[in-house]
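Visitor: This is the structure alone, sequence omitted:
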Ligand code: FES
Ligand code: FES
């Protein structure tokens, strides 16, 4: 599964090759043409912008509208499904990504403010063999039921372990305090993280 | 009693069933974010759709002019309730409420889908178009306060044709309902002789009980994406693809007149829908919109649009008679329940009356009079995590009797619980006895009267106890199919449903019966398959697992017969595959001249029963393809044996300890305890998670969650996750658990389902009462605690 993800991921072109009008759906070969089209046809609409960032270790360009959140951009521009939308207002942590080394909420981060940033999503973590023990531990410990909140928890866990590779149970709970799970998985996350941390230390 | 009619129901040796830490088959997909829920689908050239939502609690769209909205650039289609395409639509999704038109011009709650649907290039454009609609609203009187709505002079909000909904088969105790009056329909039950019961009582206590509404709160906002294709793979003509309505492929194909084989739904992931399976409009409108526009259409609710009920608001007034040793002699239950908006499930009101806790008592003198008040509060689609909703009516009675007589509530419960077979059975329920013995030890149970114990930090200690039975589920017939293909056992299934590890438990049972490891059973997820593993509660759908066991037994027999047949007929070594094609056939097992009963399956091999070291791996002993099918269900499901609680086989008990700060009004749950008997534990980790989940649900509805309405406008004020707070990681207390395995259930190996039965509405409230001696209505927020103490 991890391999498959890495392959799927590589298939997404880094550089934009087409520019789609968000209002009428017409497709253009370049940004200037799209801008011209907006000026002529949709003069009152906010123009889309191109954001260049480093996503999961690779340079990416995204065409986004100025009010789009990063969550929306990842889903609608790249088809990534791991940055989930639950509350859409910074309460639940389902949309957590790691930006420049810090866990941030993609539903309250504007995509156009991510220019030049380094962003890691759950797909990037899953594609990195170094983090396989964490994913394995999540699966072994059933740190999920319906699984909708799980990628968000996993990204928060990874952000914790980046800073603190040897967390205590209490540190795990505090680091994940911003993630909401409806399905009652709370006690299982620390178990998974502690097991993964042990394995990763042994393997290092 | 266990596994009454099944094969190996009394099996003692378990290698696979009961194993911990076996990863779910789809866990990797979930953890890595690859799993797609309805909301996640993004297709090329996809359009978006939105319903007009009512800003009023009760209003009619008298007229709408869509011309300005149609002129918004990027709008692809607009439909109104008057369009023929909409008028023809009928939803067949799972609902327990009254039928109503798919979409009309009447909004009977704030946020209700009403009158108009817009399809556009983006959600933003949909919203812009909705803003440009020129709507003439006719604002109607509303009811969001049940106690106001039941008054004779309250404005009548619903046509009088709506009478008391019937739920399930009519009970002999059910009285003829009086005709509806104003907003109120009636549902009355009377059993035994209530007057005689009160006459026989030494004490009579009366109490009020309030249960707030509780949001179903699926983690993934409901929605779907649909498109139509001409793919020849699916045969001639259009094929409908619908994602995001998992488990509802058939109802949607029916809704759109499509043959099931031309309705494709490949997605597996449903999100945490704990018995709230009702189809939202966003899940079944997209096929129509995609057909009209010729493009894929996505329609997804916002979080604000997902605040439906899995528990209706209810007020109850109780009168209980009991003897001086604590035996209940009569219970008089009058309640006012929310009937919800038009089409709401009757599970939340009438449905409770026959499935309630009274059925577990020796006392048969019970009167239940219920007023069901039409309201504009909200919608309940099916049922929810709090079934039966009125369970804690009896939990409170037991607590109050204990308080009055200075008896341990566990002893009061024991005295009043009927025996395993019927309400006339006075024998002890073995499972209950085992649970309370374990629970007492686990909790160092030492009951005290209200307000009698202070903790060293000055807070008051309170404790509570409740029991329930683990219901015998199995609603319908299950159709299991197993295949042996090239030595590998395949278990095809339609899907994982709402995410609990149900199919895994079924696979574990198959592995157990076929002498395989769990990893060796290949689960084939395919939306065209029939086998669905629901029904039977948390521990992996014990009822479908019963069917899987029966099916595995048939396959086993076929494997053993085929191994002998192959041993007798296999070509001699050195001959190629059929006519020289393919690899040479594998060598058969040493089974010539034997009978199937001489053989067994163990460790992925066909072996001699008498000597497991002699045999051959499945791949070579049985190169044939073999199938087994079994359709059925375990006997004596609760729905067949009569109302839930009349038979008591496997039970569960729960305990709660709180600390209440009488200065700040803060309540801390020190711990929950669960001593439960699921009959047989199939997959411990998923059972534990399900129990944690219901305990946190229970915590939420008793300490945090409630719907807040503006009484003047009827508008709900807290439909977002800031203001409607769910418990988080740092809020939840430890849930200590101990599982017993009495094997007394009716499903696989004597297992029963469990999770719903632990969901409670008042266990924490009772513990608070035990701490401070006053009742606080849920949710017991600090301000309410202080108010109850007369301090605010
Ligand atoms: S969706 Fe971003 S925090 Fe909830
Ligand atoms: S596993 Fe369902 S929301 Fe967390």
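Guide: The structure has been received and is ready for your questions. On a predicted model such as this, the values are computed, not experimentally measured, just so you know. Numbers count the residues shown, from 1 in each chain, chains lettered A, B, ... in the order given. Ligands and ions are numbered 1, 2, ... in the order given.

Visitor: When you work out contacts or count neighbours from here on, use the C-alpha atoms and nothing else.
Guide: OK.

Visitor: Can you report phi and psi for residue B:606?
Guide: Dihedral angles of residue B:606 (phi, psi; degrees, to the nearest 10) stand at phi -90, psi 130.

Visitor: Show the contacting residues for residue A:134.
Guide: Going by C-alpha atoms under 8 Å, 6 or more residues apart in numbering or on different chains, residue A:134 touches A:192, A:193, A:195, A:196, A:197.

Visitor: Flag every buried residue along the helix or strand where the last one lies.
Guide: Assessed by DSSP states H and E, residue A:197 sits inside helix A:186-203. The neighbour-count criterion (16 or more other C-alpha atoms under 10 Å in any protein chain shown) identifies A:186-197, A:200 as the buried residues of helix A:186-203.

Visitor: Can you pull up the most central residue in chain A?
Guide: In chain A, the C-alpha nearest the mean C-alpha coordinate belongs to residue A:121, at 3.1 Å (C-alpha atoms, centre = their mean).

Visitor: and what of chain B?
Guide: residue B:275 (2.7 Å).

Visitor: Quick check: phi and psi on it?
Guide: Here is the backbone geometry of residue B:275 (degrees, to the nearest 10): phi 70, psi 20.

Visitor: Hmm, it is touching residue B:383, no?
Guide: Yes: proximity of residue B:275 to residue B:383 meets the contact threshold set by C-alpha atoms under 8 Å, at 5.6 Å.

Visitor: thinking residue B:119 is in contact with residue B:80, fair?
Guide: No: at 11.7 Å, residue B:119 and residue B:80 do not qualify as touching, with contact defined as C-alpha under 8 Å.

Visitor: Please confirm that residue A:159 is located within a strand.
Guide: No: the assignment for residue A:159 is helix, going by DSSP: H, G, I helix; E, B strand; the rest coil, so no strand is present there.

Visitor: so how far is residue A:119 from it?
Guide: The gap separating residue A:159 from residue A:119 is 12 Å, by C-alpha to C-alpha, to the nearest Å.

Visitor: can you list residues touching both of those two?
Guide: With C-alpha under 8 Å, 6+ apart, residue A:159 and residue A:119 have common neighbours residue A:98.

Visitor: and residue B:769, what element?
Guide: helix B:763-772.

Visitor: just checking, what packs against that helix?
Guide: The contact analysis (3 or more C-alpha pairs under 8 Å, 6 or more residues apart in numbering or on different chains; DSSP states H and E) places helix B:763-772 against helix B:392-405, strand B:460-469, strand B:651-660.

Visitor: chain center to that helix: distance?
Guide: Offset of helix B:763-772 from its chain centre (C-alpha atoms, centre = their mean, to the nearest Å): 27 Å.

Visitor: Neighbours of the closest residue to residue A:101 other than its chain neighbours, how many?
Guide: Using C-alpha to C-alpha, 6 or more residues apart in numbering or on different chains and skipping residues adjacent in sequence, the residue nearest residue A:101 is residue A:159, 7.3 Å away. Using other C-alpha atoms under 10 Å in any protein chain shown, residue A:159 has 23 other residues around it.

Visitor: Which residues are in contact with residue B:604?
Guide: B:514, B:515, B:516, B:517, B:617, B:618.

Visitor: Hmm, I typed the wrong one, I wanted residue A:41.
Guide: So residue A:41 contacts nothing (C-alpha under 8 Å, 6+ apart).

Visitor: measure the residue nearest to residue A:101 to chain B for me?
Guide: Between residue A:159 and chain B the distance is 15 Å, computed by C-alpha to the nearest C-alpha, to the nearest Å.

Visitor: domain parsing for chain B?
Guide: What automatic domain parsing lists as the domains of chain B is B:27-35+B:477-632, B:38-140+B:217-300, B:147-214+B:310-385, B:417-473+B:638-788.

Visitor: Next one: the residue nearest to the centre of chain B relative to residue B:500, how far apart?
Guide: Separation of residue B:275 from residue B:500 (C-alpha to C-alpha): 12 Å.

Visitor: same deal with residue B:129?
Guide: 40 Å.

Visitor: the more surrounded of those two?
Guide: More crowded of residue B:129 and residue B:500, by other C-alpha under 10 Å: residue B:500, with 31 against 27.

Visitor: Please identify the residues of chain A in proximity to ligand 1?
Guide: Residues of chain A found near ligand 1 (C-alpha under 6 Å from any ligand atom) are A:85-95, A:105-107.
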